[in-house]
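**Q** for reference, the sequence and a predicted model appear below.
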Amino acid sequence: MSADLVLQLIANGVSVGLGYALAAVGLALLFGILEQVNFAHGELYMLAAFVVWWLVQMVGLPYPAAAALAIAAMACAGVLFARVALVPTLDRSADAAILATLAVSVILQNAVRLVFGATPHSMSTPLEGMTLLVGGVLLFGQRLLVAGAAVVAFLGLTLFLRLTSIGQAMRAMAQNKRACVMVGIDVRRITGWTAAISAALTGFAAATIAPLFDLYPSMGGDVVFKSFAVVIIGGMGNIAGAAVAGVALGIAEALVGGYLGSAFKDGIAFAAMILVLLVRPHGLFGRAVRV
Amino acid sequence: MNRRALAAVVLIALALPWSVGSPYVLHIGIMTLIFVVLAQSLNLVLGYSGLLSLATPAFFGVGAYTAAIMALKLDAGGAATITAAAAAGALTSLAIGVPSLRVSRHSFVIVTLSATLLLQVIAGNWEELTRGALGLPYVPAPRLLGLAIEGKIAWYNLTLLFAAAAVLATHLIVSSPAGRAMIATRDNETLAKAVGFDVVRIRLFAFCVSGAFAGSAGALYAHYITFVDPGVFGFDFSEVLLIMVILGGAGTLWGPVLGAVAFTLLPEILRVAPETRSLIYGFILLGIVLYMPFGLLPWLSGVSRRRAKT
C-alpha cells in the first residue's frame, strides 16, 4: 500500500477521531465532576442535531446562527436535565443515576419520534462539498470544521475549569462532594452548571458532526456506543484521556477499514474497550490525572 | 407467598386455557409467561446479586437466533434448539461477564449495554447467517417428544412450564448456599470478600444462570412468533424488563412475576400505540427510580404510613 494512501487514511482517522472525542467530551465531563454516567448522552446529541436540522431546513436560519442557537438551547436543556435526573440521584447509588438517565433517554427518543417521525432527515451546510488538498492529502470542509471545533471545545473547557470560579467549584466537586458542602459550595447549582456545559458541548458536537450523517430518532445509540468506548479507554472521567482515546480510535478504525474492509470497523471500539478493561480496568490514563 | 396463595395462582394459571378459549387472551398469556422467564432472569442479577445489567436482551436475542437458525438450517427438534439456546445465552453471559464483572459498577453497565448494541449490529450485518435486517421468517414449531407444539393451548402449557421452572429454579437457587452468597455480595461486597467469598465467581454464576434463562426465553419467542430480526436485541426489552422487575420488587420471588403480568396486560387493556407506549414507559421508569426505588409494595405501605401520621 502506497505511503500516500496510508497518509490519507491517517488524516481521515484523525479527523473522524477528533469528532469522536468531541462527541464524548460532555460524557467525560459529567462523569469526571459528578461521577454519574449519563445514559441519555446519545439522546441529548440526537436532540441537538434535530434542533439544528429544524432551524436550518424548516425555519431557514443560516447554519452558524442555527448552530449557536442550538448550543444555547442545549445549555438550557442541560439545566432541566440536571433538575429532573441528576440532582435527585446525587446522593444515591450509582444505579439510580444510570436508571434515571436511561429513562430520560427513552423519553427523548420517543418524543422526537412522535414529533418528527422515524424517517431519516439530512441537512446541508455551506462547507459541504468543499475540499482542500494539502501535500497529497485530501481534506473535507465539514470534517475540518469538526476537527477545529474539537480543539476549541477541549481548550475552552480546560481554560474554563482552570480559570473561572465556577470551573474551580466543579473541580472541587470532582474531588470531594461532602467537603464542598462544608465550605459553602452549592452542590446542586454546580451540578446544574456541569450539566449545562456538558449538554452545550454535546450540542456543539452535534451541530458540527450531524450534517455529515443522516438524522433519525435512534441515532443516539451509535453515538453513545462510540462515546462510551472512548470514555472507558481514556479512563472514566478523564477529559484529556478521552481526547487521546478518541483520536486513537479514529486512526485505528481508518486503518482497519482501509486494510480489512469497513465491515470490521464497528467492532473495533468494542474490542478496544474490552481489551483495555482486561488489561487496565481504570482505562489507559487511570483516575490519577483526571479533569 | 403462603401455600394457599400459591395453590390459587397455580390453579388460575392451569385453568386459564380451559375457561377462556379466546386465542387473543391466550396469546397475551403466552407473552406474559415468556416475560416471566425474562423477568426472573433479570431478577437473579439485579434483584438478588445487585448488578444493574442491560444485557438481558443480548442473551434473549442470541437464544432466539440460535433456535431459529438451528430449526431452519439443521432441522433440529425442539429439545435441541431450546437447550442450545439456553447454552448460547449462558456462553454469551460468560463472554460479557468475564471482562466486565471485575471492573467498576459504571463500567459493568456500560459494557452490558455496548455488548447488546454490538450483537444487534452483528445480527444486522452478518447476512449469510441472519439475513440481516430482513430477519429469519418461518421458524418452524418445535417438536417435543415427537409432538409438534402447535396451537395456542399447547403453547400456553409449554410456556407455563418454562415460567414455573424459572420461578422454581430461582427459588431453589436463592435458598441454596450459592444464592445466599449472591445476596451477601449484594448487601455488603466488602464484608462478603472479607469472609472469603469469591465475589466475581458468585456474580459470574448468577449472570450465567440469568443468561440460560433468557436464552431459553429467546428460543420460545423465536418458535412462537416464528420470526426473528435484529429487533430482538432492542433496548425496548431492557426498558420494560427493568420496569417489571423494579416496580414488582427486585430481589423478591413473586414481585417480578407480578410485574411481568401487569406490564404485559396493561398496554393491551389501555390499547396505546407502540410509540406512545415507550414514551409512557420512559416516564414510568423515571417515576419509579425517583419515588419508589424498592418497588410498588414498600412505596404503598410508606404512603399509608405517612397518611396515618398526619
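**A** Perfect, thanks for sending it. Numbers count the residues shown, from 1 in each chain, chains lettered A, B, ... in the order given.

**Q** switch to C-alpha atoms for all contacts and neighbour counts from now on
**A** OK.

**Q** A:Ile232: how many residues sit nearby?
**A** Number of residues near A:Ile232 (other C-alpha atoms under 10 Å in any protein chain shown) recorded here: 31.

**Q** surely it forms part of a helix?
**A** Yes: counting by DSSP: H, G, I helix; E, B strand; the rest coil, A:Ile232 is found in a helix.

**Q** which non-adjacent residue is nearest it?
**A** Using C-alpha to C-alpha, 6 or more residues apart in numbering or on different chains and skipping residues adjacent in sequence, the residue nearest A:Ile232 is A:Gly283, 5.7 Å away.

**Q** so who does that neighbour touch?
**A** A:Gly283 makes contact with A:232-236, A:276-277, according to C-alpha atoms under 8 Å, 6 or more residues apart in numbering or on different chains.

**Q** got a markdown table for those residues, with pLDDT too?
**A** Conversion of these to a markdown table gives the following (pLDDT from 0 to 100):
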| residue | pLDDT |
| --- | --- |
| A:Ile232 | 90 |
| A:Ile233 | 92 |
| A:Gly234 | 91 |
| A:Gly235 | 88 |
| A:Met236 | 84 |
| A:Val276 | 88 |
| A:Leu277 | 83 |
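
**Q** out of those, which is nearest to B:Leu38?
**A** Taking C-alpha to C-alpha as the measure, B:Leu38 lies nearest A:Leu277 of the contacts of A:Gly283, at 28.0 Å.

**Q** now do the strand or helix carrying that closest one: which elements does it pack against?
**A** Per DSSP states H and E, A:Leu277 falls inside helix A:265-279. Helix A:265-279 sits against helix A:220-234, helix A:239-260, helix B:78-100, helix B:105-125, with contacts defined as 3 or more C-alpha pairs under 8 Å, 6 or more residues apart in numbering or on different chains; DSSP states H and E.

**Q** comparing those, which comes out most buried?
**A** helix A:220-234 (a mean of 26; mean count of other C-alpha atoms under 10 Å in any protein chain shown).

**Q** now do the strands in the chain.
**A** Chain wasn't specified; assuming chain A. Remark: strands assigned in chain A by DSSP state E are A:131-134, A:137-140.

**Q** um, chain B though
**A** B:143-144, B:147-148.

**Q** point out the residues in the stretch 51-200 of chain A that sit beside chain B.
**A** Residues of the stretch 51-200 of chain A found near chain B (C-alpha under 8 Å from any C-alpha of the partner chain) are A:88-89, A:94-96, A:99-100, A:103-107, A:110-111, A:113-114.

**Q** farthest pair within those?
**A** A:Ala94 and A:Leu114, at 30.8 Å, using C-alpha to C-alpha across those.

**Q** quick revisit: out of the strands of chain B, which is the most enclosed?
**A** Ranked by average neighbour count under the criterion mean count of other C-alpha under 10 Å, the strands of chain B are headed by strand B:143-144 at a mean of 15.

**Q** residues contacting the residue nearest to B:Trp126 when sequence neighbours are not counted?
**A** Distances taken as C-alpha to C-alpha, 6+ apart place B:Gly132 nearest to B:Trp126, at 6.0 Å, with adjacent residues excluded. For B:Gly132, the contact set (C-alpha under 8 Å, 6+ apart) comprises B:123-126, B:229-230.

**Q** which among the strands of chain B is found nearest to chain A?
**A** Smallest distance to chain A across the strands of chain B (C-alpha to the nearest C-alpha): 36.6 Å, for strand B:143-144.

**Q** give me the neighbour count for B:Pro177.
**A** Neighbours of B:Pro177 using other C-alpha under 10 Å come to 11.

**Q** per-residue pLDDT, A:Val289?
**A** pLDDT, A:Val289: 38.

**Q** same check, this time on B:Ile82
**A** 94.

**Q** how close does it sit to A:Gly283?
**A** Per C-alpha to C-alpha, to the nearest Å, B:Ile82 is found 39 Å from A:Gly283.

**Q** where does the chain have low pLDDT?
**A** No chain in the question, so chain A it is. A:1, A:263, A:286-291 (pLDDT under 70).

**Q** try again with chain B
**A** B:1, B:303-304, B:306-307, B:309-310.

**Q** mind listing what the most centrally placed residue in it touches?
**A** Centroid-nearest residue in chain B, with C-alpha atoms, centre = their mean: B:Leu38, separated by 1.2 Å. By C-alpha under 8 Å, 6+ apart, the residues touching B:Leu38 are B:56, B:213-214, B:217, B:241.

**Q** before we move on, the earlier item: nearest approach to B:Arg186 belongs to which of the helices and strands packed on helix A:265-279?
**A** helix B:105-125 (12.1 Å).

**Q** so what does the closest one touch, helix or strand wise?
**A** For helix B:105-125, the packing partners by 3+ C-alpha pairs under 8 Å, 6+ apart come out as helix A:220-234, helix A:265-279, helix B:56-73, helix B:78-100.

**Q** rerun that using 10 Å as the cut-off
**A** With contacts defined as 3 or more C-alpha pairs under 10 Å, 6 or more residues apart in numbering or on different chains; DSSP states H and E, helix B:105-125 has these neighbours: helix A:94-116, helix A:220-234, helix A:265-279, helix B:56-73, helix B:78-100, helix B:127-130, helix B:235-248.

**Q** in JSON lines: these, plus distance to A:Ala82.
**A** As requested, the helices and strands packed on helix B:105-125 are exported to JSON lines (distance: least, C-alpha to C-alpha, whole Å):
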{"stretch": "helix A:94-116", "distance to A:Ala82": "10"}
{"stretch": "helix A:220-234", "distance to A:Ala82": "19"}
{"stretch": "helix A:265-279", "distance to A:Ala82": "28"}
{"stretch": "helix B:56-73", "distance to A:Ala82": "28"}
{"stretch": "helix B:78-100", "distance to A:Ala82": "28"}
{"stretch": "helix B:127-130", "distance to A:Ala82": "41"}
{"stretch": "helix B:235-248", "distance to A:Ala82": "21"}
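
**Q** what's the closest of those helices to B:Ile153?
**A** helix B:78-100 (17.0 Å).

**Q** let me see the contact set for residue 168.
**A** Here I'm looking at chain A. Contacts for A:Gln168 (C-alpha atoms under 10 Å, 6 or more residues apart in numbering or on different chains) come out as A:160-162, A:174.

**Q** look at chain B instead
**A** By C-alpha under 10 Å, 6+ apart, the contact list for B:Leu168 reads B:162, B:253.

**Q** tell me the residues of the stretch 51-200 of chain B that contact chain A?
**A** Residues of the stretch 51-200 of chain B lying near chain A by C-alpha under 10 Å from any C-alpha of the partner chain: B:51-53, B:96, B:98-100, B:102-111, B:113-115, B:117-119, B:121-122, B:125-126.

**Q** just to revisit the earlier point, could you dump the strands of chain B into JSON lines with distance to A:Val6 added?
**A** Shown next, in JSON lines, are those (distance: least, C-alpha to C-alpha, whole Å):
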{"stretch": "strand B:143-144", "distance to A:Val6": "55"}
{"stretch": "strand B:147-148", "distance to A:Val6": "58"}
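
**Q** for the chain, which helix is longest?
**A** With no chain named, the answer covers chain A. Of all the segments of type helix in chain A, defined by DSSP state H, the longest one is helix A:3-34.

**Q** not quite, go with chain B.
**A** helix B:199-225.
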